[in-house]
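*Asks:* any chance you could fold what I've pasted below:
(chains A and B)
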Amino acid sequence: MSFIKSTFKHPRLPKNDLGLTYRDYEGALSTLCAGCGHDALTSAIVQACHELSIEPHKVAKISGIGCSSKAPNYFLSKAHGFNSVHGRMPSVATGANLANQELLYLTMSGDGDSASIGFGQFAHVVRRQLNMVYMVADNGVYGLTKGQLAATADKGVKNKAGDLSLFSDIDLCVMALQLGATFVARSFSGDKKQLVPLIKAAISHKGFAFIDIVSPCVTFNNHNGSTRSYDYVHDHITTGAVADFVPVKTEITSNAQEGDCEDVCLHDGSIMRIKKLNEDYNSHNASKAIMAIEQHKSQGEILTGLFYLEPTASDFHDINDTCDTALNKLEQEVLCPGNRVLSGINESFR
Amino acid sequence: MNIEVTSSTESQKCYQKMIDVKTLVNDFVVRFANTNGTGSASANNMFAKAILRMGIPVSAKNIFPSNIQGMPTWYEVRVSEKNYLGRRGGKSEMVVAMNAQSIDADVNSVMAGGYFLYDSSKNLPDRLIREDINYLGIPISNICLKEYSDPRQRQLFKNVIYVGALAASLNMDFTVLKGLVRDQFKGKEKLITPNIYALELGYQYANKHFMCPLAIQVQGRDLAKNRIMVDGNTASGLGAVYGGATVVGWYPITPSTSVIEKFASYCNRLRIDPASGKKNYAIVQVEDELAAIGVAIGAGWNGARAFTATSGPGVSLMTEFLGLAYFTEIPMVLINVQRAGPSTGMPTRTQQSDILSCAYASHGDTKQILLFPANPTECFEMGAQAFDIADQCQTPVIIMSDLDLGMNDHLTDEFVWQDSHAYQKGKILNREQLDELQAYGRYLDVDSDGICYRTVPGTHPEKGAYFNRGTSRDHYARYTEKPEHYVDNVDRLSQKFKTAVNYLPKPEINQDKKKAQIALLYFGTTSHPMNEAIDELNSQGITADTLRIKAFPFHYDIAAFIQAYKEVFVIEQNRDGQMKTLLVNELQLEPKKLISILNYDGLSMTSYQVVQGVLRHFAKKNSDKSINKKVG
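*Replies:* Residues are numbered from 1 along each chain as shown, chains lettered A, B, ... in the order given. A predicted model of the protein is given here:
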């Protein structure tokens, strides 16, 4: 990289429970376009991790290929990252998760990566119920190859070159809901107030958490007629319910806020507070969530917020009955049955 | 007994032994013709195992269709006191014909003077009557109809009855068969008596109606010491257990499926945490082969020993990921049980035709480490060792098995594990080591051997983290397009492959001090017919030195061996001489120096094909010489 990020730290930056500042959660300097939605998303991840006092090195960042998948380089530089193959992040994340269930898996993908080349991997990783956060930075366009339409682009819109999106669009949240994701949300990279709590809630959720983040491409999809431009999204966004995360130690003081509030207890005893902003909204019913998404879409609105949450979900390792020690930490004496056992096995082949 | 060459199709040719009245002891082939899905394979296997328990070397080949029920399937058992365990090919001394669909061909597959054992519940039509063979009729269907009421039992016990009849005909030790039945049904004791009863039915019928024992027969020996009979896939799966594999992603494909199934069943026995009853492993059947290898790579990056198994079409799908693992230097193991390609090819037939596609798997300048097991013992050993090599070299290791090795039972040395062997984890830094480091660079070649130090996620709060990527990077894993950085990196990878040779199994060389007349080079299952072929060549006055390749990149001894001869025969099972191409390319050889002997009909190679390949080459050379003389 040709840019150097300043290492200067303000001495009075607020510190979290680990004594770390916001800057300890940053990554390399972004090489994305100025104003890219993805940079707002990475800063929301930085804020969420800092506020939750996540140990940076206990995070694994995994991504596919594309602008979105470059983004893990721009947060948590103390965490290992894996920028894998186009559309195949889900399988790499699966293997990594099977090897060590103790890390936090923050994974990133894009619309091309998840809704086209990796649609199969996306669908199957949802089914697998891994404990991971799957974020799609969704701008409806191929950025790195300069502006081709993606499968999430609404049917009938035009890209910057004037090409019409001819075919039905894919809604990844609807797919995730149908395939059994236990946490499904949509947000907007320009709405940090909504996005940060959602990321925190997704991290706290034990199970598969999916967030589709509408993240406008300033260079190739910010024109008039795009339904993923900053202006369009600002004008057409509507929120069903938002979630906030209350860590286990925090005393719940008051829930007297506008709209209905529901507190959902998570595995570790912490609380997820769901604020309903929309009367007919129910975050415990996947098919109603699908209907709500479709309904708003037919009205030209982008519904955001927490769509679905199953607070007592099991993850892959519960289902597999994996031992409590991470598989990558098992020693040879546990793994290798030895020669005495082998001579018994030999007998079965005589 | 004479030796002559029959002339059927080219691939069917072989040395045949004309039987006069003379008795053939411990040297014959029994060919079973069955319908697939009728349970014949386990009865046929019982027959082969009984011969092994009598201490006589035996090999068994299942020649089956890509189908579940109703198509013809054959099972060939070769009994050989001389230890000739390659496929003999050609006609058989005994054919057990249990499939009306294939019976015309089956009658013709009996050697003159041989035996044709068939179900005589119906009369054979005239067209199936040959003057030069013996007919052994048992009314098996009628016997089953009388003895059993359940249609499934009528079908299953047919197979057991003919095994009983063979036992009497071939003078087998009946107590051995009874012992096998007892072992086979341990835990399902209710099945022992009916199976032994069915064996008795066949045994007694044969004793009463045939001239038992026949001219072909077995006699107990003590030649199978310390050897077991097992298929290569079972051995590879068990090897992975011993090698410490904990994570598997996989997608079913013939003929590799049983590698994972056996791994799973051994894990279920040997890898359950005694205290909690929980699994010390995780296996996930994924959506395709791309995901299967993605899982193995993700787990390998995260410090677990991980693998997957597949066959040709799966390898094609995995190549992009193999390039990623090569370039990002992630250890993992891929077991490729090769089958006949290209495309779907012949999914239930054997070949060694993925050599080039695996050696150079993926786009760009890539090279992969290959291991070539020749028998189940090596499937076990390499199945475990591959994980050490992958960790030591930080790259994928591909075990090149094939359908014949993987799915057929082979007589092989018993498995041995050295308890003193500690897993070789290679250059991997722990927290304490990272503490002592000034600066960590993932791609710093500290030891100048091309192999750098790796870290596993979560090891250290401040040091060792990096962004693993398939893009070009500098010593500190930072993205770069600087020409000198790129070249430095890919040159180091070349250097690493030179270093890798030190970690790989050496070739097996049999070389006369005075140098033999010819040199034969082979690998994997082409080694099975070699002892027979060499004896045959010797009997024709030709001596041969041999080299068996066990790994790629090639050991220095391979180049030295080839150097020592004017010409070297390369024996392999593919159309294009892929191993020859790899040798020529990697060792900068003159292509004419290597003479290909090829078999690619989907059946395993025979000694006849090897010997004919050698003879044909010399015959051609002689005729070329005489032509040259005439022209000159």
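*Asks:* alpha carbons only for contacts and neighbour counts from here, please
*Replies:* OK.
*Asks:* can you pull out the strands in chain A?
*Replies:* Secondary structure of chain A (DSSP state E): strands at A:59-63, A:80-83, A:104-110, A:132-138, A:141-142, A:148-149, A:183-188, A:208-214, A:237-246, A:260-265, A:271-276, A:302-309.
*Asks:* who touches the fifth one?
*Replies:* Defining contact as Cα atoms under 8 Å, 6 or more residues apart in numbering or on different chains, one finds that strand A:141-142 is touched by A:66, A:111-112, A:147-150, A:153, A:159, A:217, A:220-221.
*Asks:* contact partners for residue 323?
*Replies:* Just so you know, I chose chain A. Remark: with contacts taken as Cα under 8 Å, 6+ apart, A:C323 is in contact with B:273, B:276, B:278-281.
*Asks:* chain B, not that one
*Replies:* Taking Cα under 8 Å, 6+ apart as the test, what B:G323 contacts is B:361-363, B:366.
*Asks:* now do stretch A:58-76: distance to the chain's middle.
*Replies:* Taking the mean of its C-alpha atoms, stretch A:58-76 sits 11 Å from the chain's own mean (Cα atoms, centre = their mean, to the nearest Å).
*Asks:* next, count neighbours for the closest residue in space to B:N408 that isn't next to it in sequence.
*Replies:* For B:N408, the nearest residue in space outside its immediate sequence neighbours is B:D231; the separation is 5.1 Å by Cα to Cα, 6 or more residues apart in numbering or on different chains. B:D231 has 25 neighbouring residues, counting by other Cα atoms under 10 Å in any protein chain shown.
*Asks:* wait, B:D231 sits on B:D409?
*Replies:* Yes: with contact taken as Cα atoms under 8 Å, B:D231 and B:D409 are classed as touching, separated by 4.2 Å.
*Asks:* residue boundaries of the helices in chain A?
*Replies:* The residue ranges that make up the helices of chain A, judged by DSSP state H, are A:37-51, A:67-70, A:89-99, A:111-112, A:119-128, A:172-178, A:192-204, A:230-236, A:286-298, A:316-320, A:332-335, A:338-347.
*Asks:* reformat the contacts of strand A:141-142 as a markdown table; add neighbour count and distance to chain B.
*Replies:* Below are the contacts of strand A:141-142 laid out as a markdown table (neighbours: other Cα atoms under 10 Å in any protein chain shown; distance: Cα to the nearest Cα, whole Å):
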| residue | neighbour count | distance to chain B |
| --- | --- | --- |
| A:G66 | 21 | 12 |
| A:D111 | 30 | 19 |
| A:G112 | 29 | 17 |
| A:G147 | 18 | 22 |
| A:Q148 | 20 | 23 |
| A:L149 | 26 | 25 |
| A:A150 | 23 | 22 |
| A:A153 | 27 | 26 |
| A:N159 | 24 | 29 |
| A:C217 | 27 | 23 |
| A:F220 | 22 | 24 |
| A:N221 | 28 | 26 |
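*Asks:* hmm, back to that, and the contacts of B:G323 as TSV, adding distance to B:D474 and secondary structure?
*Replies:* Output for those, formatted as TSV (distance: Cα to Cα, whole Å; DSSP: H, G, I helix; E, B strand; the rest coil):
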residue	distance to B:D474	secondary structure
B:A361	24	coil
B:S362	22	coil
B:H363	21	coil
B:T366	18	coil
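*Asks:* biggest separation within the contacts of strand A:141-142, which pair?
*Replies:* The two members of these with the most space between them (Cα to Cα) are A:G66 and A:N159, at 17.9 Å.
*Asks:* what sits against the closest residue to A:Y308 other than its chain neighbours?
*Replies:* Sequence neighbours aside, A:S283 is the residue nearest to A:Y308 in space, at 4.4 Å (criterion: Cα to Cα, 6+ apart). Taking Cα under 8 Å, 6+ apart as the contact definition, A:S283 lies against A:241, A:289, A:306-309.
*Asks:* format these as TSV; extra columns: neighbour count and pLDDT.
*Replies:* Compiled in TSV, the contacts of A:S283 are given as follows (neighbours: other Cα atoms under 10 Å in any protein chain shown; pLDDT from 0 to 100):
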residue	neighbour count	pLDDT
A:A241	25	80
A:A289	22	92
A:L306	29	93
A:F307	30	93
A:Y308	26	94
A:L309	26	92
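*Asks:* and the residue in the stretch 301-450 of chain B that chain A sits nearest to, how many neighbours?
*Replies:* When distances are taken as Cα to the nearest Cα, the stretch 301-450 of chain B approaches chain A most closely through B:A304, which lies 4.2 Å from it. Burial of B:A304 is recorded as 29 neighbouring residues (other Cα under 10 Å).
*Asks:* grab the nearest non-local neighbour of it.
*Replies:* Once its chain neighbours are removed from consideration, B:A304 has its nearest residue in A:N328; the separation is 4.2 Å (Cα to Cα, 6+ apart).
*Asks:* by neighbour count, which of the contacts of A:C323 wins?
*Replies:* Most crowded among these, counting by other Cα under 10 Å, is B:Y281 at 29 neighbours.
*Asks:* can you pull the contacts of that residue?
*Replies:* Taking Cα under 8 Å, 6+ apart as the definition of contact, the neighbours of B:Y281 are A:322-323, A:327, B:245-247, B:267, B:271.
*Asks:* B:T308 belongs to a helix, doesn't it?
*Replies:* No: read with DSSP: H, G, I helix; E, B strand; the rest coil, B:T308 is strand and lies in no helix.
*Asks:* from B:M400, how far out is B:D365?
*Replies:* Note on B:D365: its distance to B:M400, by Cα to Cα, to the nearest Å, is 21 Å.
*Asks:* actually A:H223, not the one I typed
*Replies:* Here the distance between A:H223 and B:M400 works out to 54 Å (Cα to Cα).
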